[in-house]
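Asks: got a structure for you, letters missing:
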């Protein structure tokens, strides 16, 4: 992480800026609006922003986030190492909401697989911006694994998709808030996994229920995607991509016969390692809550 920062600081020519007319938007910048967009390129990103406006240091922030995500996400998106990812950044929530991607009113960002891009906006809160970028990049990279021609499942199940995105939001985005919440969580507050994996929260659900669902999804993925289990986790995802059930995929890769067996192990894991204490967490202040999935 520090080496990437130092390298970029020593190589200003790596970040190049040029104007892009709105008419060329089909392959590059959004078509909405009459004014030209500006493209700024860094080693791994093409950043499209309004003329005369770009959050200070955004290129370096993006490269730092990329460096933190690369080890895990390149398992699912090897193209991320060879092809620049596009970032559309709007100068305000209003501009973002009125843009060509028609985002849900509650969202902070969108992952756009067809364009290999994400769309976000800057409201001046750099912590939220970092978290949103990491969350949406994780969706983009992870979901691309499910978009292959041999895939029977074009999107991962919600618990898996959001669990990966929250894990990257927490680690690559740098807040650590979800991990802190997990360390304080109470296993008895978790839903049985058979119930949990069948759920998908909506924008009208109570915030507490959505937060709990996200936290449990994060716990599942963090448990299954430990450093020693990276290849097992990829195998699990490959089985699900091929149309297998979660239980079948878990048995083949982790030797859990049922979701109930995993449930028991997960609750022991959550309750161990100094975990325990109160359920006092409000991720809405740092995450892309309530539901950023496109």
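Replies: Received the coordinates, thanks. This is a predicted model, so every value here is computed, not measured.
Asks: Tell me if I am right that residue 164 is in a helix.
Replies: Yes - per DSSP: H, G, I helix; E, B strand; the rest coil, residue 164 lies within a helix segment.
Asks: was I right about residue 241 contacting residue 157?
Replies: No - in this structure residue 241 lies outside contact range of residue 157 using CB atoms under 8 Å: 10.6 Å. Using the backbone N, CA and C atoms, a C-beta is placed for each residue, glycine as well.
Asks: When the two are compared, which one has more neighbours?
Replies: Legend: neighbour count by other CB atoms under 10 Å for residue 241 and residue 157, higher for residue 241 (21 against 15).
Asks: Distance check, the more buried one against residue 129.
Replies: From residue 241 across to residue 129, the span is 31 Å (CB to CB, to the nearest Å).
Asks: In terms of helices and strands, where is the nearest residue to residue 174 once chain neighbours are set aside?
Replies: Excluding the flanking residues, the one nearest residue 174 by CB to CB, 6 or more residues apart in numbering is residue 130, at 5.8 Å. Using DSSP states H and E, residue 130 maps to helix 126-144.
Asks: what do you get for residue 119?
Replies: Assigned by DSSP H and E, residue 119 falls in strand 117-121.
Asks: Mind jotting down where the helices sit in the stretch 1-150 of the chain?
Replies: Taking DSSP state H, counting those that start in this stretch, the helices of the stretch 1-150 of the chain run over residues 2-10, 58-73, 93-97, 126-144.
Asks: Distance to residue 245, mean neighbour count and mean pLDDT added to those helices, as TSV?
Replies: What follows is those, written out as TSV (distance: least, CB to CB, whole Å; neighbours: other CB atoms under 10 Å; pLDDT from 0 to 100):
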stretch	distance to residue 245	mean neighbour count	mean pLDDT
helix 2-10	40	12	31
helix 58-73	24	20	96
helix 93-97	38	15	94
helix 126-144	19	24	96
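Asks: Can I get these in CSV including distance to residue 118?
Replies: Formatted as CSV, the helices of the stretch 1-150 of the chain follow (distance: least, CB to CB, whole Å):
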stretch, distance to residue 118
helix 2-10, 20
helix 58-73, 10
helix 93-97, 12
helix 126-144, 4
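Asks: count of neighbours near the nearest residue to residue 269 once chain neighbours are set aside?
Replies: Distances taken as CB to CB, 6+ apart put residue 223 closest to residue 269, at 5.5 Å, once the chain neighbours are dropped. Residue neighbour count, defined by other CB under 10 Å, stands at 18 for residue 223.
Asks: so what's residue 223 up against?
Replies: Shown in contact with residue 223 (CB atoms under 8 Å, 6 or more residues apart in numbering): 265-266, 269.
Asks: Figure out which of the helices of the stretch 1-150 of the chain is closest to residue 185.
Replies: helix 126-144 (19.3 Å; CB to CB).
Asks: So for residue 209, which of the helices of the stretch 1-150 of the chain sits nearest?
Replies: Set against residue 209 and scored by CB to CB, those come closest in helix 126-144, at 19.4 Å.
Asks: The closest one packs against which elements?
Replies: Here helix 126-144 touches helix 58-73, strand 85-90, strand 109-112, strand 117-121, helix 158-171, going by 3 or more CB pairs under 8 Å, 6 or more residues apart in numbering; DSSP states H and E.
Asks: quick one: pLDDT of the residue nearest to residue 269?
Replies: pLDDT recorded at residue 223 is 95.
Asks: Which helix or strand contains it?
Replies: helix 207-224.
Asks: What are the contacting residues of stretch 141-156?
Replies: With contact meaning CB under 8 Å, 6+ apart, stretch 141-156 is reached by 69, 73-74, 76-77, 79-80, 111, 113, 116, 161, 164-165, 237, 240-243.
Asks: That concludes my questions; thank you for your assistance.
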